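>>> The sequence and its predicted three-dimensional model are supplied below.
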Amino acid sequence: MPKNPAPAPASTTTDRYDDADTYDGYETAEYEDDDYEEKPVVEHLVEDDRFGELTVRLDIGLGEVTVEGESVPRVELRRAEGTEAEDHIPVGTRDGSRLTLTVDGEEVVLDPAKGRLSRHSYRVDVRHAGHAWRLVPDSIPGSRLLRDEQHIGDFSSDGDGHVLVEWREDAEPEPLDAALGYALAAAFGTGAQPWWMLAIEMVGDMTPG
């Protein structure tokens with residue numbers, strides 16, 4: 001699971017929780033059930049260098065990511081109800097047919113690759129309004145964001161809803177670039193090991209003793 005590129009300067013994050021996570025909620029019978037395991041809902045307030053204050057919300061239980069702010073469009077990514085969630089993916093699945101991505105309420109094309117041995121296999125593609133975006137791992141902790149094949153920023157997220165970004169100095173990112181980048185990084189995490197490290201781990205797992 002993706003980790004952490006160079007931290008974005010002057011970027012701050014604040015955790016907030018839904019009403020369901022308040023202490024009052026723990027007094028209900030639902031929380032007293034020992035068999036009940038609540039999936040976390042985390043909300044981070046980010047001060048982006050280019051776009052000011054943004055909110056990134058990740059609901060692991062429902063498989064939902066929401067990004068919004070005064071300077072960016074609202075982006076929502078949702079997992080279909082009834083989809084079996086995979087624990088190592090923040091949004092729960094890389095099956096594009098089980099995911100819906102919207103920009104200000106308008107559905108756009110989302111195409112996550114399956115994720116195999118190569119870093120490239122962990123790419124996530126989005127197409128909207130005549131443009132194409134790709135978030136693709138380029139190191140163990142981080143992924144680069146491309147718009148129409150132009151490298152515009154570097155994102156990192158460990159899969160816990162925290163997202164860091166460093167915009168390239170020679171690029172001019174737009175509000176939609178930011179909203180999509182934060183949403184994809186939060187939903188799928190960033191970074192991946194190179195294929196040879198994964199191959200060594202696989203061989204090790206198959207070796208007796």
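Yes, it's here.
>>> Quick check: which ranges of this structure have low pLDDT?
1-38, 193-209 (pLDDT under 70).
>>> tell me the helices in it, going along the chain?
Ranges of helices in the chain, per DSSP state H, are 29-32, 175-188, 195-206.
>>> which ones are touching the most centrally placed residue in the chain?
Nearest to the geometric centre of the chain sits residue 186, at 1.9 Å (Cα atoms, centre = their mean). Residues in contact with residue 186 (Cβ atoms under 8 Å, 6 or more residues apart in numbering) are 56, 58, 65, 67, 90, 157, 161, 163. For every residue, glycine as well, the C-beta is placed using N, CA and C.
>>> Give the burial count for the fifth one, as a bare number.
What that stands for is residue 90. 25 (other Cβ atoms under 10 Å).
>>> gap between residue 86 and residue 158?
Distance, residue 86 to residue 158, using Cβ to Cβ, to the nearest Å: 16 Å.
>>> who's more crowded, the two?
residue 158 (18 against 13).
>>> distance between stretch 109-121 and the chain's centre?
Distance, stretch centre to chain centre, for stretch 109-121: 14 Å (Cα atoms, centre = their mean, to the nearest Å).
>>> do the same with stretch 174-194
Worked out by Cα atoms, centre = their mean, stretch 174-194 lies 5 Å from the chain centre.
>>> what's the answer for stretch 69-84, then?
With Cα atoms, centre = their mean, you get 10 Å for stretch 69-84.
>>> ok, of the contacts of residue 186, which one's closest to residue 105?
Nearest to residue 105 among the contacts of residue 186: residue 67, at 13.7 Å, using Cβ to Cβ.
>>> residues in contact with the closest one?
Residue 67 neighbours (Cβ under 8 Å, 6+ apart): 54-57, 74-76, 179, 182-183, 186.
>>> Just grab the bridge partners of it for me.
Listed beta-bridge partners, residue 67: residue 56, residue 75 (assigned using DSSP bridges).
>>> Distance-wise, check it relative to residue 56.
In terms of Cβ to Cβ, residue 67 sits 5 Å off from residue 56.
>>> any residues in contact with both of these two?
With Cβ under 8 Å, 6+ apart, residue 67 and residue 56 have common neighbours 182-183, 186.
>>> out of those, who's nearest residue 116?
Nearest to residue 116, judged by Cβ to Cβ, of the shared contacts of residue 67 and residue 56 is residue 186 at 22.2 Å.
>>> ok, and the most crowded of the contacts of residue 186?
Most surrounded of the contacts of residue 186: other Cβ under 10 Å gives residue 157, at 31 neighbours.
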